[in-house]
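A.B. asks: Build the 3D model from these lines:
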Amino acid sequence: MMNASCHGSLSRICFALALGGFACPFSGVGAEDTSTSAPPVISYTSMTRAPNYSGTSQLAGPPPAEATPEKPIVQWGQVELHPHLLYRLYYGDGLQSSPGTQEKTWINELAPGIAINVGKHWLLDYTPTLRFYSSSAFKDTLDHAVVLSGGTLYEDWKLGLSQSYINSSQPLIETGAQTDEEVYATSLSASRSLSSKMSLELGLTQNLRFLQGDAIGSQQLSDSKTWSTMDWVNYQFAPSMGAAIGVGLGYDSIEIGSDMLSEQLQGRVTWHPSKKLSVSISGGAEDRQFLDSDQGNLINPIYSAAIEWLPQETTTFSLSAGRTVTPSYFSSQLTEQTMVTLGLHQRLFKKLSLDLGGGYRWTGYKASVQGLPVDREDDGTFFSARLGMGVLRRGTLAVFYQTSDNNSTDGDFSYTSTQIGLEFGLHF
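C.D. replies: Numbering: from 1, shown residues only. Model prediction:
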């Protein structure tokens, strides 16, 4: 879920990190960002394709955000309606219908939706996605994604809200199978200036994940509910450089397995030497306790980093990395995930655009209760390419290619997949 404080050219990095489970490291990084100026402008273009969770779905990821049309198709005062449509046809091999079973299939996706802007600071988007498989090993699905995001001011405070609901059924890397899930994610933020150089940033999140089905193979699935807070004190050394120290607290309620309590201590440095370069790095440690088990505490390093460089108006390079610890889809387990991604967006000949992306992912699985034999580690690489062009003024036409692999110590979860297809989108 995108943090409401992500804005401008950084929204793509923030959105990608959020889908991967990482916090946006560019939010609230200095006194100038947390002053009593207007709330951040929220654009529907960075939020219209929420269903795919980066790094977890085996399917090709969403296309990058398109430019906002000059005028909405319907407008009443400050209320704007932006209908959008995406159709994709692609062929994939190596997709897992169950652990150890790989299939080839054609996939048809149709995603009509509508975004509603209320002024410049509130947005509501609903996008259903119909997905049809040619292989009978997969079931056809109707996914739903609803995202509400916005911000406002109250006295000296800048307040933000983001709420999303996602109902999806996709082949996932972790489960090795098509998995039905419902996710309710809520984020509240509040920030204010303490002085000309210091500011305070508060954040509260809730993530409720419900899985349909009791087991995949021999492993039980488990619902999870997570509540967490991460709070920062920022200090602006110079207009282009700031630093912060943050403390966090989290609680995970697990349907099958031990509940968990965690504490975090992190530091963050942000550097904006020019409009063309932005750098943010945060890191620290997490101490996790298992409340219903004799399992010893788990202490983990955690970090996130993001770099965006615009050497020229038509070219954008991005690099992001992060490490998180989260409850697993499987009962009595948790995952430690590290992911590094590199991206390039290049505009070609005014109408063409090229997007390249790739990276490396590592995931380790740990037991949350004593006596449970868990011996699984995954690592893999992924690469995608997309060449698109504008058509019909408000449309886009593109071809795309994706390849990914997962090498697991449990061979049933290893796969190599290649997907190639075309897409047509309209945005009003």
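A.B. asks: okay but Ala185 is in contact with Ser164, surely?
C.D. replies: Yes: using C-beta atoms under 8 Å, Ala185 makes contact with Ser164 at a distance of 4.8 Å. From N, CA and C alone the C-beta is placed, and that goes for glycine too.
A.B. asks: and the nearest residue to Met241 once chain neighbours are set aside, what element?
C.D. replies: Distances taken as C-beta to C-beta, 6 or more residues apart in numbering place Trp271 nearest to Met241, at 5.2 Å, with adjacent residues excluded. Per DSSP states H and E: Trp271 is located in strand 260-274.
A.B. asks: the helices in the stretch 1-150 of the chain, which residues?
C.D. replies: Using DSSP state H, counting those that start in this stretch, the helices of the stretch 1-150 of the chain run over residues 11-19.
A.B. asks: for it, which spans come out with low pLDDT?
C.D. replies: Low-confidence segments of the stretch 1-150 of the chain, defined by pLDDT under 70: 1-55, 65-70.
A.B. asks: neighbours of Gly359, just the number please.
C.D. replies: Using other C-beta atoms under 10 Å, the number of residues around Gly359 comes to 21.
A.B. asks: Who is it paired with across the strands?
C.D. replies: Thr341, Phe382 (DSSP bridges).
A.B. asks: and what of Phe290?
C.D. replies: Per DSSP bridges, the residues bridged to Phe290 are Met260.
A.B. asks: ok, it touching Ser258?
C.D. replies: Yes: between Phe290 and Ser258 there is a contact under C-beta under 8 Å: 4.3 Å.
A.B. asks: Which of those two has more residues huddled nearby?
C.D. replies: Set Phe290 next to Ser258 and count neighbours by other C-beta under 10 Å: Phe290 wins out with 23 against 19.
A.B. asks: how close does that one sit to Gly364?
C.D. replies: Distance, Phe290 to Gly364, using C-beta to C-beta, to the nearest Å: 16 Å.
A.B. asks: Going by neighbour count, list what's buried in the strand holding Trp271.
C.D. replies: Buried residues in strand 260-274, counted by 16 or more other C-beta atoms under 10 Å: Met260, Ser262, Gln264, Gln266, Arg268, Val269, Thr270, Trp271, His272.
A.B. asks: Can you lay out the residues you listed as a markdown table showing pLDDT and distance to Leu344?
C.D. replies: A markdown table is the format used below for these (pLDDT from 0 to 100; distance: C-beta to C-beta, whole Å):
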| residue | pLDDT | distance to Leu344 |
| --- | --- | --- |
| Met260 | 97 | 38 |
| Ser262 | 97 | 35 |
| Gln264 | 97 | 32 |
| Gln266 | 98 | 29 |
| Arg268 | 98 | 26 |
| Val269 | 98 | 25 |
| Thr270 | 97 | 23 |
| Trp271 | 96 | 21 |
| His272 | 95 | 21 |
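A.B. asks: Looking at these, which one is closest to Leu208?
C.D. replies: Using C-beta to C-beta, the shortest approach to Leu208 within the buried residues of strand 260-274 belongs to Met260, at 15.4 Å.
A.B. asks: What residues does the closest one make contact with?
C.D. replies: Shown in contact with Met260 (C-beta atoms under 8 Å, 6 or more residues apart in numbering): Gly250, Tyr251, Asp252, Ile254, Arg288, Gln289, Phe290, Leu291, Pro327, Leu334, Ser368.
A.B. asks: Dump those residues to CSV, plus pLDDT.
C.D. replies: Output for the contacts of Met260, formatted as CSV (pLDDT from 0 to 100):
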residue, pLDDT
Gly250, 98
Tyr251, 98
Asp252, 97
Ile254, 97
Arg288, 97
Gln289, 97
Phe290, 96
Leu291, 96
Pro327, 95
Leu334, 94
Ser368, 93
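A.B. asks: Show me where the stretch 1-150 of the chain has its strands.
C.D. replies: Here the stretch 1-150 of the chain has its strands, by DSSP state E, counting those that start in this stretch, at 74-76, 79-98, 101-118, 122-133, 141-154.
A.B. asks: CA atoms only for the longest one - export them in PDB, please.
C.D. replies: When you say that, I think you mean strand 79-98. Taking C-alpha atoms only, strand 79-98 is exported to PDB below (Å, rounded to 0.1, in the frame of the first residue of the first chain):
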ATOM      1  CA  VAL A  79     -14.700  15.600  -8.100                       C
ATOM      2  CA  GLU A  80     -13.100  14.000 -11.100                       C
ATOM      3  CA  LEU A  81     -13.800  10.500 -12.600                       C
ATOM      4  CA  HIS A  82     -11.000   8.700 -14.400                       C
ATOM      5  CA  PRO A  83     -12.200   5.400 -15.900                       C
ATOM      6  CA  HIS A  84      -9.300   3.100 -17.000                       C
ATOM      7  CA  LEU A  85      -9.100  -0.200 -18.800                       C
ATOM      8  CA  LEU A  86      -6.300  -2.800 -19.300                       C
ATOM      9  CA  TYR A  87      -6.400  -5.900 -21.400                       C
ATOM     10  CA  ARG A  88      -3.500  -8.300 -21.500                       C
ATOM     11  CA  LEU A  89      -2.900 -11.500 -23.400                       C
ATOM     12  CA  TYR A  90       0.200 -13.500 -22.600                       C
ATOM     13  CA  TYR A  91       1.700 -17.000 -22.600                       C
ATOM     14  CA  GLY A  92       3.600 -18.400 -19.700                       C
ATOM     15  CA  ASP A  93       5.400 -21.700 -18.900                       C
ATOM     16  CA  GLY A  94       6.700 -23.000 -15.700                       C
ATOM     17  CA  LEU A  95       3.800 -21.700 -13.600                       C
ATOM     18  CA  GLN A  96       3.000 -23.800 -10.600                       C
ATOM     19  CA  SER A  97      -0.500 -25.100 -10.100                       C
ATOM     20  CA  SER A  98       0.600 -27.000  -7.000                       C
END
